[in-house]
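In: sharing a model prediction with you, sequence too.
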Amino acid sequence: MAGSIRRLRKVPTLSLRARSAHKGDFGRVLVVGGSRGMIGAPALAANAALRGGAGLCTVAAPETVQLAVATLCPCATSIPLDCDGQGVPAATAARQVLASAAKADVLAVGPGMDRGEPQKTLLRALLEQTRPIVLDADGLNNLADIDGWPERRRCGLVLTPHPGEFARLTRRDVAGVQAAREAAAVAAARQWIDVRAENMPPLVVVLKGAGTVVTDGRQVYVNATGNPGMATGGSGDVLTGLLGALIAQGLGLFDAACLAVRAHGKAGDLAAARLGETSLIATDLLDFLPAALQRHAPTRKKRK
């Protein structure tokens, strides 16, 4: 890889919470996603955001599925987005999401979103606002179809592609990406952040897979936790919500991504140790996130 790059060996930790803290102190996450046939994805992300420590979480989902999504994440609030006669987000949905984004600390965009022109219109608008975004799943697939998207960006951005999504974003083949994962991730981060002048908001690439690579083009972290049991539908949605929660609590985008992939993988390892890799499903990760995160949070002294 051209140019020097710093390697992160130890991930950051969370701060001890003040006893006088309230939910507003730990950030607001807005999850944007969901569609007919994919109601579980935004719910998994919302539940992971709350398990990850976010004080508040709201899901913005098409009105055709909003109530169904809400039943799967009872601790989150939800917003019904306007739809056309086919159940696809209407033009007014972008304005609804932008209004909600103004009240959030971070957006988690893409889980279950589906692909199409309305989704791309929404994504273009979100790239031009200033709240940080974690972009995953169909958010990435729609992004790959938007020409010149790096020039549009005004927000901090964390991209969390698996190798197939990364290949679509970079116009490369999956085999080539997998043959040099770290180099490919670093090169992409540098390309996407160097298209404009200085003082750009940060951009972080999280190339998922065995040995997930996290990089902002200047520093890199290669994760060692996780196992093949996590290769199951919904696992990435959990990571998206967790990452959003850590950003909402004040971590920088790169630090949040490093901690999120490590804790996410550790939750998978704890789940596999109890349940086996074959039977592991994404909701199991939610159950083991508390134990995984405890390893990266200070311990409160017991009162005498």
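Out: Sure, I can see it.

In: tell me the contacts of the residue nearest the centre of the chain?
Out: Taking CA atoms, centre = their mean, the centroid of the chain lies closest to residue 240, which sits 2.6 Å from it. Each residue near residue 240 by CB atoms under 8 Å, 6 or more residues apart in numbering is listed here: 45, 48, 108, 110-111, 134, 136-137, 160. (Each C-beta comes from the backbone N, C-alpha and C, glycine too.)

In: how much space between it and residue 94?
Out: 20 Å (CB to CB, to the nearest Å).

In: show me where this structure has helices.
Out: Using DSSP state H, the helices of the chain run over residues 40-51, 66-72, 92-101, 117-127, 138-143, 149-152, 163-170, 174-179, 181-193, 235-248, 253-275, 282-294.

In: and the nearest residue to residue 244 once chain neighbours are set aside, what does it touch?
Out: Spatially, and ignoring its direct neighbours in sequence, residue 244 is nearest to residue 108 (3.9 Å; CB to CB, 6 or more residues apart in numbering). By CB under 8 Å, 6+ apart, the contact set of residue 108 is 29-33, 45, 49, 133-134, 136, 240-241, 243-244.

In: now with 7 Å?
Out: By CB atoms under 7 Å, 6 or more residues apart in numbering, residue 108 lies in contact with 29, 31, 45, 49, 134, 240-241, 244.

In: can you list these in JSON lines and add distance to residue 82 and pLDDT?
Out: Formatted as JSON lines, those follow (distance: CB to CB, whole Å; pLDDT from 0 to 100):
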{"residue": "29", "distance to residue 82": "22", "pLDDT": "98"}
{"residue": "31", "distance to residue 82": "18", "pLDDT": "98"}
{"residue": "45", "distance to residue 82": "21", "pLDDT": "98"}
{"residue": "49", "distance to residue 82": "24", "pLDDT": "98"}
{"residue": "134", "distance to residue 82": "24", "pLDDT": "98"}
{"residue": "240", "distance to residue 82": "24", "pLDDT": "98"}
{"residue": "241", "distance to residue 82": "24", "pLDDT": "98"}
{"residue": "244", "distance to residue 82": "24", "pLDDT": "98"}
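
In: returning to that earlier point: and the residue nearest to residue 244, how far from residue 298?
Out: Going from residue 108 to residue 298 by CB to CB gives 26 Å.

In: if I read this right, residue 185 contacts residue 207, doesn't it?
Out: Yes - assessed by CB atoms under 7 Å, residue 185 is found in contact with residue 207 at 4.3 Å.

In: name the residues contacting each of the two.
Out: Both residue 185 and residue 207 are in contact with residue 213, where contact means CB under 7 Å, 6+ apart.

In: related to what we said a few turns ago, could the helices of the chain go into TSV alongside distance to residue 25?
Out: Converted to TSV, the helices of the chain look like this (distance: least, CB to CB, whole Å):
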stretch	distance to residue 25
helix 40-51	14
helix 66-72	25
helix 92-101	20
helix 117-127	25
helix 138-143	28
helix 149-152	32
helix 163-170	34
helix 174-179	40
helix 181-193	31
helix 235-248	10
helix 253-275	17
helix 282-294	17
